[in-house]
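S.K.: predicted model, plus sequence, below.
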Amino acid sequence: MINREELPTAENSSNMNRVADASQEIGTTLENLKAAVLGETGASTKYAAYAQAADEAGKTQVGRMFRAASFAEQVHIRLESALVRAEEPDYENPTAAAPAELPPVDLMLIDAAYGEIYETSDMYPGFIAKAQKEGKDAAAKVFAKAKLAESVHAETYLAAYNNLDAIDDEAYYVCPGCGYIHKGKEIKACPICGAVFAAFKEF
């Protein structure tokens, strides 16, 4: 993702449209925040299981990538659940079970890419539009950050898929402010939220 002079938002970005055959049900912003937390919780749990399976298959870099992704989804959970608790202080984050059966590593990557594309083209655009309509600016910003990070996650999975038999040993780095994932150290700041690279978590 290329750094822009102005950090991307729902207001200044052209890639916030929702697909025509969108399937995600849109509720109130509070309901959408809870739905996002639930979805991200499932993704984080699944990616942790995928990481272990990739390691066991000898694809340790893919394993690190999935651990980075699991952590990135935890960033989204933290940001979204904080907004839920601002309205419902007793709210408790949901849990999710790991998948009972796991596909081979190449299909894990395709499955993960599908999930991220769904979130970035269906779920989050709908949630952003609803938050804007309701005047929930904080939620719209959190949703927009997550949406943009998820699109980069999809790119990361597809790059790993295309290079599965020619992988290198570069590390993955996760922005703690928005869940953006970057492969390698050639970055000074997050292109989504502006967090400095020194704050990123290495995998």
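M.R.: Nice, I can see it.
S.K.: how about the most centrally placed residue in the chain, secondary structure?
M.R.: Among the residues of the chain, the smallest C-alpha distance to the mean C-alpha position (Cα atoms, centre = their mean) belongs to Glu150, namely 3.9 Å. Of the three states, Glu150 takes helix according to DSSP: H, G, I helix; E, B strand; the rest coil.
S.K.: got a list of what it touches?
M.R.: Applying Cβ atoms under 8 Å, 6 or more residues apart in numbering, one finds that Glu150 lies in contact with 116, 119-120, 124. C-beta coordinates here come from the backbone N, C-alpha and C atoms, glycine included.
S.K.: pick the one among those residues closest to Thr28.
M.R.: Distance to Thr28 across the contacts of Glu150 (Cβ to Cβ) is lowest for Tyr124, with 15.7 Å.
S.K.: give me the element the closest one is part of.
M.R.: Taking DSSP states H and E as the definition, Tyr124 sits inside helix 124-133.
S.K.: doesn't Glu92 fall inside a strand?
M.R.: No - the assignment for Glu92 by three-state DSSP gives coil, which leaves it out of any strand.
S.K.: if we can go back for a sec, got the confidence number for the residue nearest to the centre of the chain?
M.R.: If you check Glu150, the pLDDT there is 98.
S.K.: buried ones in the helix holding Tyr124, by neighbour count?
M.R.: When neighbours are counted by 16 or more other Cβ atoms under 10 Å, the buried residues of helix 124-133 are found to be 124-132.
S.K.: what's the answer for stretch 50-61, then?
M.R.: With the criterion 16+ other Cβ under 10 Å, stretch 50-61 contains buried residues 50-51, 53-55, 59, 61.
S.K.: could you export that stretch as PDB, CA atoms only?
M.R.: Taking C-alpha atoms only, stretch 50-61 is exported to PDB below (Å, rounded to 0.1, in the frame of the first residue of the first chain):
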ATOM      1  CA  TYR A  50      -3.700 -22.300  10.300                       C
ATOM      2  CA  ALA A  51      -0.400 -21.000  11.700                       C
ATOM      3  CA  GLN A  52       0.200 -24.200  13.600                       C
ATOM      4  CA  ALA A  53      -0.800 -26.400  10.700                       C
ATOM      5  CA  ALA A  54       1.500 -24.500   8.300                       C
ATOM      6  CA  ASP A  55       4.400 -25.000  10.700                       C
ATOM      7  CA  GLU A  56       3.600 -28.700  10.900                       C
ATOM      8  CA  ALA A  57       3.600 -28.800   7.100                       C
ATOM      9  CA  GLY A  58       7.100 -27.300   7.000                       C
ATOM     10  CA  LYS A  59       5.900 -23.900   5.800                       C
ATOM     11  CA  THR A  60       7.200 -21.900   8.700                       C
ATOM     12  CA  GLN A  61       7.100 -18.500   7.000                       C
END
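S.K.: alright, I will stop here.
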